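In: Sequence and predicted structure below; questions after.
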Amino acid sequence: MLGAIGVRSIEELIGHLPGDAKFNRALTIPPGKSEFEIVDYFKERGSRCAVGYATFLGAGVYNHYRPVVADTIVQRGEFLTSYTPYQAEISQGTLTQIFEFQTMVCQLTGMEVANASMYDGSSAVPEAAMMAVRITGRNKTLVAKTVHPEYREVLATYTKHQHMPVAEIGYDSETGKLDLRDVAAKLDDDTACVIVQSPNFFGTVEDLDELAALVHKRGALLVYVFTEAVSLGLLEPPYMADIVVGELQSFCISPAYGGPFAGIIATKEKFIRQIPGRLVGETRDGDGKRAFCLTLSTREQHIRREKATSNICTNQALIALMGTVHMSLFGKEGLRELAHQNLSKAHYLASKLTRRFDAPFFNEFVAKVGDPDQLNAKLLERKIVGGLALGRFYPELADCMLLCATETTKKEAMDQLAEAAQ
Amino acid sequence: MLGAIGVRSIEELIGHLPGDAKFNRALTIPPGKSEFEIVDYFKERGSRCAVGYATFLGAGVYNHYRPVVADTIVQRGEFLTSYTPYQAEISQGTLTQIFEFQTMVCQLTGMEVANASMYDGSSAVPEAAMMAVRITGRNKTLVAKTVHPEYREVLATYTKHQHMPVAEIGYDSETGKLDLRDVAAKLDDDTACVIVQSPNFFGTVEDLDELAALVHKRGALLVYVFTEAVSLGLLEPPYMADIVVGELQSFCISPAYGGPFAGIIATKEKFIRQIPGRLVGETRDGDGKRAFCLTLSTREQHIRREKATSNICTNQALIALMGTVHMSLFGKEGLRELAHQNLSKAHYLASKLTRRFDAPFFNEFVAKVGDPDQLNAKLLERKIVGGLALGRFYPELADCMLLCATETTKKEAMDQLAEAAQ
Amino acid sequence: MIRKVTSHPTQNESLLFEMSSPGKKGYQLPELDVPAVDPKKALGAKNVRAEIDGFPEVSEVEVIRHFTRLSTWNYAIDLGLYPLGSCTMKYNPRVNELVARTEGLAWAHPYQPESLAQGAMEVIATLECALAEITGMDGVTLQPAAGAHGEMTGILMVRAALEKQGNPRKKVLCPDSAHGTNPATAHMVGYEVVNIKSNDLGMVDVASLAAAVDGDTAALMVTNPNTVGVFEEHIVQVAKILHDKGAMVYMDGANMNALVGVARPGDFGVDVMHLNLHKTFSTPHGGGGPGSGAVAFRSHLEPFAPTPRLRHKDGTYSWDYDRPDSIGRVRAYYGNFGVLVRALAYIMAHGGPGLRNATLDAILNANYIRKGLEAYYDLPYKSPCMHEVVFSDDRQSAKGVKTGDIAKRLIDYGFHPYTVSFPLIVHGALMIEPTETESKQEIDLFIDAMQSIAREIDENPDVVLKAPHSTRTRRVDEVTAARKPVVRWRPAVPAARAAD
Amino acid sequence: MIRKVTSHPTQNESLLFEMSSPGKKGYQLPELDVPAVDPKKALGAKNVRAEIDGFPEVSEVEVIRHFTRLSTWNYAIDLGLYPLGSCTMKYNPRVNELVARTEGLAWAHPYQPESLAQGAMEVIATLECALAEITGMDGVTLQPAAGAHGEMTGILMVRAALEKQGNPRKKVLCPDSAHGTNPATAHMVGYEVVNIKSNDLGMVDVASLAAAVDGDTAALMVTNPNTVGVFEEHIVQVAKILHDKGAMVYMDGANMNALVGVARPGDFGVDVMHLNLHKTFSTPHGGGGPGSGAVAFRSHLEPFAPTPRLRHKDGTYSWDYDRPDSIGRVRAYYGNFGVLVRALAYIMAHGGPGLRNATLDAILNANYIRKGLEAYYDLPYKSPCMHEVVFSDDRQSAKGVKTGDIAKRLIDYGFHPYTVSFPLIVHGALMIEPTETESKQEIDLFIDAMQSIAREIDENPDVVLKAPHSTRTRRVDEVTAARKPVVRWRPAVPAARAAD
Ligand SMILES: Cc1ncc(COP(=O)(O)O)c(C=O)c1O
Ligand SMILES: Cc1ncc(COP(=O)(O)O)c(C=O)c1O
């Protein structure tokens, strides 16, 4: 090849790099390791990460069963090693699957349109707020304190320099639901949207009807956030919301120390041109057959540049595929049954502890336990990872922990936890 | 569907089964379990099987690294879930791969033709003997006592009712090699073949030239057996043999408590019509393009019935595919390097112990250890599975164990073993 | 009209040997942590080989691509209906692949101490019990590697038992509908094969059987349901005829998918039988194996079962090698363990009730196809069919179109063909077995395709005779392949000198 | 002549919603081991939804087949060369998929006690160090989920630093060759975007840059090598121009595959940059993600990096949330950890020397293609190219054939097309990046195909204008798709009432 190019050495090909820009020593990274040394390396690291523990952690990342089939499918090279489906004629597999994904997300959330995925639930929140700002021409955002604390941090980071003031809505200390009076007080004509999560960070199911009425009366949009997708197997979907964002991690995606996950954003048909990210649309091919392709890309950065709806480019396609497979496998009945098992397990656990809030909950709830750290330490001795001590995010709840039970949580573990909590 | 068939219930479809042949109760097998209960069940069973132990066991089943790629490929549904390639036009993937497999087996063994696979190394031995009987029209078989004991048991089972007397050849108690004088003594005009293994069960590399001369002078065939395929990365292939059979387990196939493995059988071109099992051959398709298909099936049971060369039908195709991938990945240099690492490890280990036999060996050897069971018990405490106590198969070697070291055997483990053996 | 497939480009690919370039390899080993040994010194110069001529030299990405590309040339269950009669091509659950890779099981060495193999031994014991219950037999051995291997094991056990009684006898009877492995097996065990003709219901003709059975008869090898998919209605009587003469009944259990939970060979007189776990119990065919030919037997044959036998005493499992009457080993170690794990997972997933339902669905699907096609293809045997249905090409061959041609045309319609020209008692057989895991949609498309082909044969037989038209490889010339067999690649001339 | 592909039937498949049948499901849960709760009681009747209208109802085998069939409609790296410029479609090693599934890592919860997450934290720390060494930077954050996300993170850090100095400034400069995410990002961080035109070597025009930089300039976002594959030869001077005015240099590291081991942004004046681990470090694209947009920065920007930062003290790792000057979080938790595991595995497998060789091979392959095609396609910039080469369709458009048409025709030749119409400064761009993992054979076939297409355009442009001809889906109508967007399936009329 060198001959064909007309150089004597491969080094010649970088001969033109200016000396002051060149790197003149070897990287301090050790020489290549063999496949099996690499496997051993990660096995050893993994062995130091709570293998064999029961866990009651939720708080946005949930332990659910992962059907084997999902992994079989995402490992097909045709899905794993293809790029964003720019060339429709040889990407119909991915395009068709994304179209199915968009449809299932709509069915699940009660919305009319959904995109191909967002980075995760947290980054989808500011994207929803920015979308609301574009739609309403207003700039203020109200967000419930019961929205996942890290999601709110991300919202703050994104909005800081976009002239998008953000105010927080308190919660009712009896029920853990957002404080409607506080909403009424802070809602004004500059308010673009109100962001609420349900089940909220405390696991409490929010009442949306009144809130929606209030918000819409003021001409603002209601943004609904979920972190536990399984809840939508049982919970009434947020028809009254204008934008729905959430995290699909619960659908076949392993916790993986926090990522990669898949965020979703869904909305009403009329707002479709303001939605960020990739969209797959139905069309016809030269023979008049149904086909799919990326569409409305005039919203996107590669066409619109600084005027784009977002700078998002690569999203979470393969993870969204896992979610699609999950929804396909469980389907109509299965997802409901899955949600029902989660509901039942969490309520069994709650029945043995003191709940901090009195309100309906799905598979998470806040328990009053005195000293959370002490209880968790006690549990670790029994190879149980306890709940999330809430003081970290809510000083007023320093004596509480957030506990989660899913279909994977065994009765014995719950009984052990209850006993330790006595 | 019932309607279309014209029955009212599915039970009606078995209504014609005679009452005395019907099963009138429910199976005592418990109701269906969920995927995750099944996964847990086998995890628990697996956890009771020497996980995390170093091992020095060989004796026909070897611990080698399994490149990840092999598993990726055998899990492609197109390979995993297809049948024997009867319909060539939609089976060229499998057919082409088998043709490559047959070729690599020939390159590895120095033979001219090979089949698509046998059940395993052990059952390939009697098939070779039966083949020799068909070729020579003689009926006696001589087999070295240094052929894997379980292989010899299988030979006995297969030959018992086919008028194929089998006699054993002793070994030289100094070198562990087969006793040429004993061959000379037992070889006669009724002898169809002499079966020798190299490296033999003691790990000793046999001298084949003299043996082959002796055998051929008497008009018998030489059958060469191997249990450690990796040895052929370094050892001179048995060009002088007439039939080569062996076990490919060392090529990417996990020990799996003894199976599934893949046996091979290879021979000279002139004997091709006497080879058992499936053969893939090159041909042309309707457009004159190179294509592959099953061939010479007139040898096989579905055509020849009782006159077939063997009753074998299903073989070990998917396992042979793993072997093909292994040979492709390592290739010319890699296989030699792999063999060289095995050689070096075993010689390091041997240098710290007392060898029973004085002869060249590959990655296994017999060590004099006094009381093997006692040593193994000591090693188990250090999470080491020691060698195979030989008394079980060779009473005269009751104070010896067969030890194996491969590229996976770590120096520290060998040092520990040596120290324990002091 | 072809509704099921559309053409699309698939990658061409040469043989690995043709794409090798010197020095390439796809794999890296860890550094040696002990002194490197000189092979010539250690093994003796004459024992060290030269480099392996023509062996592949390719990179990892080339390997992945090579086999990925090849795979796209295959049809598979994962792509659609695979109605090979007698092969029971049902869906292979993926969880089975996962559990078979459980570390402790996949890496268990057959010689590791029994104390460190209890988990693997329990898997074997549990499967043996389940299969005994399913077959109604008293014992099971899991050593045989496939169906034919199981047949040999079973007939060896029969022979050993008769020998023990003083006379091994001379003959094994096989219905003319039997699979080729049956007579081939009988022959390997030293028996003379006597063919028994079937009656016009496709069943063993009881009269000719009774006539054939005598003091020299060792056993009958019967397949039930037989290879035309018909249940042997007189099986109990058949068994009695043999038992009365001191002979035994061997059942080829390849078609057990029609009986699980519905009828048990142990209840209708069978003495010994094999199961194809790679058929009835969903372990993947893998392009031709691995399989497992579990053999189930009545207690009177237990002493003769292969060595070793698994024992369970006070909570621990052990291998019993003290088996004076055993036929010995039919293979090394304990069987295709990895396949056994998959079969047990399948049984656990279904459970008793689920297994029976699977059987009924398999029978339902076969009868539905029979109904859909009997107006188009000749049905040689009118008896009710079980899990598979066998047609003949009688009507079509009148127009010069044979079962093999129809099969090739099915490929254009997007299906893998049925089993061609088996069983031999049906002239020009089309042997169709859908299995229970096929949906009505898929089966309807198949029926539609078969009907459409029947019409094509009336209107334009040529399109069928020249099929397939849409595949990357056109109809292959099997005759030439067999005339001067080329079963391995060889380097082109220059390199040829060097060729091994 | 088309040498690379042959057509073959691929299975048709409808949407899951169209094949559902009531009551079917592909999955079974364990039995509930606690009392079943009544949802209406627990949640309140009005909070319990009706069944999900139109949601799939299919079996496991239907799911496997559905996605297996769909997958066969895709092109992928595993099938062949995928020369999308700027996307670095290199081979994705399979061992990375295995290690990413290591139990302890795949199942680590982001909130589990740090004492039980040390292994995962060590992986993150080790990768941060390796990337700092590779980029010549002082620190790295792995929180961003993709390149664009990394850009936002980096520009936010720039802004925070300037703010801390008292003035965030107003403008971010982007060369007209920049990727769309650059201006879009600058805008999201509240900056006005000023475009800088490139000179006729395809490089930033130093003069116009110098003219544009002033006290309102916050930063320059430069891609190096830039999007025409050319190394910015005056990069050191460029950086100085900005630094002299108190502005900073952000580097888009999407093209880092051209520099690893050869040049380090930290050495040529870059203050902050992102890396696309899903490009340079081989993590799979998965049809559009997940990725990871690691951001590397000089020490003066460290205080502003996202919260939390990983700390290492006396052998234990911990997360530091006490970051008063931090820009805050750009996402929840710590980043796309599973992607980080893969990237680290890639770096370990190559090692320092291997990484540099990969870079050189990538450059070699690009130059080889350039040589092979420069006689056939117009090369707008004659500067030496690095890892990718950009042609224009000048000559071909004269005949009415555009880069998009040539791309479609490449599909018939068995290749995925190059990047079409980017960068915008090249009219009708053909942006070709082969990467280092392609063999000479594969690249020669590509060159041969591109030459053949050039000839076709001379002889018979129509065949190119109407391409692709061989695919199961012919050229799709993107215009109609956008005119009245249908982005979800809806049931046919009857069910429609019920539709949500
Ligand atoms: C009826 C029948 N008997 C026996 C066999 C042989 O089984 P195997 O191929 O597993 O050896 C088969 C399988 O082809 C069969 O269909
Ligand atoms: C030059 C350049 N910059 C930025 C990006 C954006 O990276 P990502 O898609 O990971 O957000 C890309 C990828 O398309 C790119 O090619």
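Out: Right, received. Where do you want to start? Ligands and ions are numbered 1, 2, ... in the order given.

In: what's the longest helix in chain C?
Out: In chain C, with assignment by DSSP state H, the single longest helix is helix C:337-373.

In: Quick one: name whatever helix or strand follows that helix.
Out: strand C:389-392 (DSSP states H and E).

In: Report all helices and strands that the helix or strand following that following strand contacts.
Out: Following strand C:389-392 in sequence order, the next helix or strand is helix C:394-398 (DSSP H and E). Helix C:394-398 makes packing contacts with helix C:403-412 when contacts are defined by 3 or more Cβ pairs under 8 Å, 6 or more residues apart in numbering or on different chains; DSSP states H and E. Placement of C-beta: from N, CA and C, glycine included.

In: Just checking the helix it packs on against chain B, any contact.
Out: Yes. Judged by Cβ under 8 Å from any Cβ of the partner chain, helix C:403-412 comes into contact with chain B through C:407-408, C:411.

In: Which of the residues you listed sits closest to chain B?
Out: C:Ile411 (5.6 Å; Cβ to the nearest Cβ).

In: quick one, what contacts that closest one?
Out: Contacts for C:Ile411 (Cβ atoms under 8 Å, 6 or more residues apart in numbering or on different chains) come out as B:87, B:89-90, C:75, C:417, C:467-468, C:470-471, D:9.

In: quick one: the strands in chain A?
Out: Assigned by DSSP state E, chain A shows strands spanning A:54-55, A:113-114, A:140-144, A:166-169, A:191-197, A:221-226, A:243-247, A:263-267, A:280-284, A:290-294, A:364-368, A:384-385, A:388-389, A:400-404.

In: quick one: average confidence on the longest one?
Out: Along strand A:191-197, the predicted confidence averages to a pLDDT of 98.

In: can you state the direction angle for it and strand A:140-144?
Out: Per axes from the mean of the first three to the mean of the last three Cα atoms, to 10 degrees, the angle that strand A:191-197 makes with strand A:140-144 is 20 degrees.

In: Work out the gap between strand A:191-197 and the centre of the chain.
Out: Offset of strand A:191-197 from its chain centre (Cα atoms, centre = their mean, to the nearest Å): 18 Å.

In: partner strands of that strand, parallel or antiparallel?
Out: Strand A:191-197 pairs in its sheet with strand A:140-144 (parallel), strand A:221-226 (parallel), by DSSP bridges.

In: Just say which of these is most tucked in.
Out: By mean neighbour count, with neighbours taken as mean count of other Cβ atoms under 10 Å in any protein chain shown, strand A:221-226 ranks first of the strands paired with strand A:191-197 at a mean of 27.

In: Show me what the nearest residue to C:Val204 once chain neighbours are set aside is bridged to.
Out: Leaving out its chain neighbours, the residue that sits closest to C:Val204 by Cβ to Cβ, 6 or more residues apart in numbering or on different chains is C:Pro175, at 5.2 Å. Bridge pairing for C:Pro175 (DSSP bridges) gives the partners C:Ile196.

In: again with A:Ala367
Out: Here A:Ala367, judged by DSSP bridges, has bridge partners A:Arg355, A:Met401.

In: By average pLDDT, which secondary structure element in chain A comes out worst?
Out: helix A:301-304 (a mean of 85; mean pLDDT, DSSP states H and E).

In: tell me what that one is packed against?
Out: Secondary-structure packing of helix A:301-304 (3+ Cβ pairs under 8 Å, 6+ apart): helix D:181-188.

In: rewinding a little: quick one: mean pLDDT for the longest helix of chain C?
Out: Rounded mean pLDDT across helix C:337-373 is 98.

In: Likewise for stretch A:351-368?
Out: On average, stretch A:351-368 scores 98.

In: same check, this time on stretch C:402-420
Out: Averaging pLDDT residue by residue across stretch C:402-420 gives 98.

In: and the end-to-end length of that stretch?
Out: For stretch C:402-420, the first-to-last residue distance is 10 Å (Cα to Cα, to the nearest Å).

In: what's the offset of it from the middle of its chain?
Out: 20 Å.
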